[in-house]
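Asker: The sequence isn't on hand, but the structure is:
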């Protein structure tokens, strides 16, 4: 390999990645989420957090692929191609965006810790089924290996929650 290619080349495709906590709060096994769509992993595997504060940050370096008009859910495509859905609360779509504020747009490039949205925990507790926030890997079929960390309390932008390696 030439010196210039080594210096400037981007030939290596990233295959391993770590998902850090998008929200500060208490970790909950996905199977314990009080919604069968998430608990039975119909949308994919992942983790869930019961938030203690109302800010969501990017759990990976990537790009915003989807941001629901109701601002309760956001989709990110990571550098390894893994698609991550962060769904704030359960049955929050019915709030029609009330109590949510988006800080990014579809197409934005984000890095770990970039603020994505804010939400009013107390309002969600009053108006929705739950504040529990599932974080789902929606295209798990591209993954070769997924390792969930044994964590009780998560701190946004800092606590490593899941490692993965994509198929080669």
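Answerer: Right, received. Where do you want to start? These numbers come from a predicted model, not from an experiment.

Asker: how much space between residue 93 and residue 72?
Answerer: Here residue 93 is placed at a distance of 6 Å from residue 72 (CB to CB, to the nearest Å). The way it works is simple: take the backbone N, C-alpha and C, and place the C-beta from them, glycine included.

Asker: Can you pick out the residue with more neighbours from these two?
Answerer: Set residue 93 next to residue 72 and count neighbours by other CB atoms under 10 Å: residue 72 wins out with 27 against 16.

Asker: which residue packs closest to that one, ignoring adjacent ones?
Answerer: In space, and not counting its chain neighbours, residue 72 is closest to residue 92: 4.0 Å by CB to CB, 6 or more residues apart in numbering.

Asker: again, but for residue 53
Answerer: residue 24 (5.1 Å).

Asker: so who does the residue nearest to residue 60 when sequence neighbours are not counted touch?
Answerer: Leaving aside its sequence neighbours, residue 60 sits nearest to residue 78 (CB to CB, 6+ apart; 4.1 Å). Taking CB atoms under 8 Å, 6 or more residues apart in numbering as the criterion, residue 78 is in contact with 17, 19, 60, 61, 62, 84.

Asker: and which of these is nearest to residue 159?
Answerer: Closest approach to residue 159 among the contacts of residue 78 (CB to CB): residue 19, at 9.9 Å.

Asker: what residue ranges in this protein are flagged as low confidence?
Answerer: Low-confidence segments of the chain, defined by pLDDT under 70: 1-12.

Asker: show me where it has helices.
Answerer: Ranges of helices within the chain are 3-8, 36-39, 121-127, based on DSSP state H.
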